Structure formats: C-alpha cells, structure tokens
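**Q** need coordinates for the following:
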Amino acid sequence: MSFRCKGGVAWVALLVAVAALASAAQGFPNPFGHEDFTESYYDETCPNAQSIVRSVMERHAAANPRTAPAILRLFFHDCFVNGCDASILLNATDSMESEKDAEPNATLAGFDVIDGIKSELERSCPATVSCADVLALAARDAVAMLGGPSWGVLLGRKDSLTASIDMAKEDLPNPKDSLAELIRMFKEHDLDERDLTALSGAHTVGMAHDCKNYDDRIYSRVGQGGDSIDPSFAALRRQECEQKHDKATAPFDERTPAKFDNAYYVDLLARRGLLTSDQELYTQGCQTGDLVKTYAMNGDVFFADFVRAMVKMGNIRPKHWWTPAEVRLKCSGGVAWVALLVAVAALASAAQGFPNPFGHEEFTESYYDETCPNAQSIVRSVMERHAAANPRTAPAILRLFFHDCFVNGCDASILLNATDSMESEKDAKPNASVVGYDVIEDIKSELERSCPATVSCADVLALAARDAVAMLGGPSWGVLLGRKDSLAARMDMANKDLPRPTDSLAELIRMFKENNLDERDLTALSGAHTVGRTHSCEHYEERIYSLVGQGGDSIDPSFAAQRRQECEQKHGNATAPFDERTPAKFDNAYYVDLLARRGLLTSDQELYTQGCETGDLVKTYAMNGDVFFADFARAMVKMGNIRPKHWWTPTEVRLKCSVANTHY
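**A** Next comes the predicted model:
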C-alpha cells in the first residue's frame, strides 16, 4: 500500500508539472489580456540579461556600423505585424512562409545579431528570455549607442509560434505612403500623430539602398511647388541614382546619418526629406507639421517623445489574446514542444528515482563548491607537476579536449579504452597522435581519493584544458561544470566528425556549424595552434608540394622549401611547429604567420581567405592579442558546452576515466 501511494504521489506531481509545462510551452495567456510587462521581469530568473544584450550589441556594432540602425528597424518591422512577438525572426517552414520574404522586409538585416544575443542568453539562462524581449532591449541599446536617449524597457513578451507574410505585406508603412495613410496605419496600433512623428525620427540614422524607395520623389515631385522638394537635393539624388543604375545608397538624414539626433527634422524643414513618407510629416496645418518644427528646434523634446513612443510601440500586443506563444530556444524557429518533451522525460525519470536521462543539467562554475571544493586546485596542481616534467603536456591536453568535444559532445568518450564490444575513439585515425591520457588518469585518481565518485572525467578534461592554456601564457576563464561521462565511445564518429589538416574553409565552417560554432569561434579556436607541433609530414605535405607556385596567396616559397628539406631529411617524420615564432607560448603569433602565408596546415592557412569573415578576424587577431584572448576564452566556454546529440545517451560519473563503471 505504501509503495503504491508513494508512486501515486510522484506521478500526480509529474502530471501536474507536465500540465504546467504544456501551458507554459504554449504560452496560454491570461484570458483577460496578456500579463503586464515590467522592467524587473527577469531580475530573479536572469539578472544579467540586459548586460548580455548590451555586450553582444557593442561587439557587433564595433565590427559593423550598420548594426545599430538595422536592429532599430528590425524592431519596428516586428511590432507592426501582429505586435512585438519576434515573428519577424522566424524562418520559413514547409507549412509557413516567413515574414522575412515579404517585400517591405527585403533589405532587413541584423538577424545574426539577435541570434548571437540569444545564444549567449541560452548559455546563461536557458529557456528564459524571449526573442521578443531580446529585440526590444537590443533596439533600446542601439539608440543609446548612436548617441540617442535610453529608457527602461518593459519586459515579459512571448514569442509567436507563427509568422504572417500577408500581414507583413499589408501592415507595414510604405516609403511612398501619404500622411493620411500613415496616420491610419499608426492609429490601428493605438499610436497617434505624435507617436508617428516621433517614431519617424528613427530615420535620423541609417541609409536607403535602392532608388526605387524614393524615385517618385526625386523625379515626379520636381516642379510641383515650393512645398514638395528642394530642387538641388532632387538633382543630387537623381545624379547618384543614374550613376549607380538605381542602386545608390542615400542617407535618410544627410547631415549626421550615423548619429541619433534631431537633424532629420531640420532636413524636413528644408524640404530635403529622402522618402515621401518622411516629407509628408511636414504638412502645413497638421499636427505632424507643427511637431516637425518643434523637434527641429528642440532635440530634448524629440528625445522625450521618442522614448515615450518607443515604450508605447513596444507594448503592441497580438490582436487576439488566445494567440499561442512561447519562449523560443532559437529565434529563427519554435522549439517549445521539443523542450517540453525533454522536461517531461526528465520529470518522469525523477519520479522513478532515476537521474536526469539527459545526463546534463545546467552547467555552472559552482557545481562542485559543496561536494568537492578543492577539485579545481587538485586539477591545477597535477597539471603543473606533469607540465614541469614534460613541456608537451599542456598542448596535448588542449588538443585532447578539442578531440573529445567534437565527437558527440564533451563527454570524455575519447578517454575510453576499447572493449570486446566497443572500438575506442583513441584508435580513430585523427586521434593516432593524441596523447595526455595518463595526465587525466592521474588527476582523476587524486580526485577519487579526495571526493569519491563526484567529479566527472569530462569536467576534469575541461578544467585541465583551461589550466593548460593559462600555463602557456594564455587567458583563463571560469569553466562551467556539471558534465557527465559517456558509457560508450564512437570510433566511426571520430573518423567522420573531427576536422582534418587538409580541410577547406567551407568544410571547416560546415563542421563547426554542426556544433553550433560560428566563423568567429572557428577562427579563435584555431588559435590553439599557436602552441604545439605536428610529428608527421603527411599532415602538410600537400601544402608544401602541390601548392607551391599556385600564386601569391597560397604559401611563402621559402617556408615551403624549408619544410620540404626537413621532411626529406627525416623521411617524412619531421617535427614542425604550428607557430614557428613562439611554439611554446600561447600568443597571437599563429595569426601573424598566416598573414605571411606561413601557416603549416591547409586548414590553418584557409582561415586567411580574403573577403571572408575568418580572413578579417585573422588580421584583427594578428594586430591585437587581447581581442584574440577574449574571443578564445568565449569560444572555449561555448565549445565546452557542446552536449551529446541525443538526450537519451546514457551517462555516469566514471570512477576511472578509461573504462565505464560496469567494467571497473
């Protein structure tokens, strides 16, 4: 009887939790209206949300001046289509067209910025901050970065499960709209003429990239009277359009196009507004015309009204309260039901007294603070002892961590020995020269004596890799902990999923993307080759032989000749450093070598491809080691967060890193 009652209580609790999760996943709102938005919405659940948004925005804006205006425009285009629900961010599916493909959204940009912010937030506060709130915060920060005002953003939006290309075509203002049409469209969103005039001031920054947006104004309006357009302005724009075959770039505010100020309104007074929908605001005898004059004379009034209108626009809700919504885990696609199934399975296991079947709760730096408080100091002391005895230790451990994480996540599968029923990843060809297993076993033995059955081998490897970099003179970082160890190895995946020395840039980008690592991560993580050596000429023979004479961008002839000579003298077994300048020091010299076309491997030199993001980053890192260090640390944390591909992968905390507990 007691057993049945206990089981019943667990499953009742489970069903209650499942029902709550189902409701939350679908975002069923209050039938009397959506929840109130508040500035403090994430104060407890994700207190660093706003600082994460701001830091990622600053990074993107520093790399691309178009970022801030693009994000501001993206927020407008989202809110005007069924409310501020991040529907603009959704990609098309087999059953749904994307708002991105609507003509008014054809030139929108900044989607990658929002994805970047969301990725950072998911690492810090999983399934918490909505994409709609990310966009609202990013738009506020965009304005502030451009010299405009800031404000407290009301938060608590949810993300739509669907997009509407039809509404995007119908509900977004057109560059050629009349004042009456603009007033009507804004009124449908409970925005009045003051809101219309203030929000239009967002055109004090940014550019139009196609003359068709204003060709009616610079051609047909000329000569229609003193209130239409300044003839010299029209002539200037016509000349540019004709020279660029209608693809001229023109600023909305010709005075200070990169600064958020009131110059846009000064242009309107001078009849030099770029779009018809801009100049229409300055219609004599209308409230909008009076406001244009007020804002042109007093930027403080404009700033105050703009802030008020942005808060008001950001509060536009979906037209129907029953519209299903969620907190999307990825802004380009809804995945709430996947998250729900994950949570249900985890709860079901908990109800049965089993551990989380996914084997990976949220990673935290403080994971072992209570259960094994000296874990990190033990790892560091053993690493220091081995590194003092063998200079190859630190580079070897760093490589070992890479080769583990790229095969079904950072689960210590690379450490497992072969058994009668399982091949070892150690025997895969890309791992033939991997070493350092004895170092990890030694660390694990020390930990087992201090904190038995507590610290996973996967976490040992992550900590040891961080300490390896620091010992070599590189950066350090807080390692997120809580990984579990795989019970099985996958030799086939090791042969298939690990990057090869001869890979092209396209192949490298593809392989990193499969692990949710972008081109910045690829370029930064490749900098691990600033230390270490290769011990076989077969890894770079195609580069030093076949690439010679193929042009100035392939390889430095003197470098190729030097490497050929060494390989021929050592019968193909020459030892060569990846970074020939400072091979035992973690610095940015690897990137300096790439600029000089002296990268050892094809996969190294491919990064310095002109016109690609990786090429630009190589130059940046070569000139600024601090930027490289910062990006490397960030990318190591990101790589260390790669999870097994399937949630049902069985895991444990292994007692000995080379064997599963059932064989120990």
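**Q** all contacts plus neighbour counts: C-alpha atoms, from now on.
**A** Noted.
**Q** what ranges do the helices span in the stretch 151-300 of the chain?
**A** 165-171, 179-187, 193-200, 215, 231-243, 263-269, 276-279, 287-297, 299-313 (DSSP state H, counting those that start in this stretch).
**Q** what residues sit buried inside the fifth one?
**A** Okay, so that is helix 231-243. For helix 231-243, burial by neighbour count (16 or more other CA atoms under 10 Å) applies to 231, 234, 237, 238, 240, 241.
**Q** where are the low-confidence patches of the stretch 451-600 of the chain?
**A** The stretch 451-600 of the chain contains residues with pLDDT under 70 at 547-553.
**Q** related to what we said a few turns ago, adding pLDDT and distance to residue 480, write the buried residues of helix 231-243 out as TSV.
**A** Output for those, formatted as TSV (pLDDT from 0 to 100; distance: CA to CA, whole Å):
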residue	pLDDT	distance to residue 480
231	92	62
234	92	58
237	93	55
238	93	57
240	92	54
241	93	54
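**Q** look up how far residue 254 lies from residue 265.
**A** When distance is defined by CA to CA, to the nearest Å, residue 265 is 11 Å away from residue 254.
**Q** and residue 502, by the same measure?
**A** 49 Å.
**Q** which residues of the stretch 251-400 of the chain score low on pLDDT?
**A** Ranges of the stretch 251-400 of the chain meeting pLDDT under 70: 320-323, 334-362.
**Q** that one: strands as residue ranges?
**A** Using DSSP state E, counting those that start in this stretch, the strands found in the stretch 251-400 of the chain span residues 325-326.
**Q** same check, this time on the chain
**A** Under the criterion DSSP state E, the chain contains strands at 159-160, 207-208, 250-251, 325-326, 485-486, 533-534, 576-577, 651-652.
**Q** the third one pairs with which strands, parallel or anti?
**A** Strand partners for strand 250-251, identified by DSSP bridges, are recorded as strand 207-208 (antiparallel).
**Q** returning to what we had before: so which of the helices of the stretch 151-300 of the chain gets nearest residue 135?
**A** helix 299-313 (12.4 Å; CA to CA).
**Q** roughly how far is that closest one from the heart of the chain?
**A** Chain-centre distance of helix 299-313: 30 Å, with CA atoms, centre = their mean, to the nearest Å.
**Q** report the buried residues of it.
**A** 299, 302, 303, 305, 306, 307, 308, 309, 310, 311, 313.
**Q** so the third one sits against residue 148, correct?
**A** So that's residue 303. Yes - look at residue 303 against residue 148 with CA atoms under 8 Å: they come within range, at 7.2 Å.
**Q** returning to what we had before: compare residue 265 and residue 254 (neighbour count), which wins?
**A** residue 265 (32 against 18; other CA atoms under 10 Å).
**Q** which residues touch that one?
**A** 201, 292, 293, 295, 296 (CA atoms under 8 Å, 6 or more residues apart in numbering).
**Q** likewise for residue 218?
**A** 229, 234, 235, 237, 238.
**Q** and it, what's its pLDDT?
**A** Reported pLDDT at residue 218 in the predicted model: 89.
**Q** contact partners for the closest residue to residue 533 other than its chain neighbours?
**A** In space, and not counting its chain neighbours, residue 533 is closest to residue 577: 4.2 Å by CA to CA, 6 or more residues apart in numbering. By CA under 8 Å, 6+ apart, the contact list for residue 577 reads 531, 532, 533, 534, 583, 600.
**Q** got these as CSV, with neighbour count and distance to residue 444 columns?
**A** Below are the contacts of residue 577 laid out as CSV (neighbours: other CA atoms under 10 Å; distance: CA to CA, whole Å):
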residue, neighbour count, distance to residue 444
531, 26, 25
532, 25, 24
533, 19, 26
534, 18, 28
583, 20, 29
600, 29, 34
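**Q** can you tell me which of the residues you listed is nearest residue 471?
**A** Nearest to residue 471 among these: residue 531, at 11.5 Å, using CA to CA.
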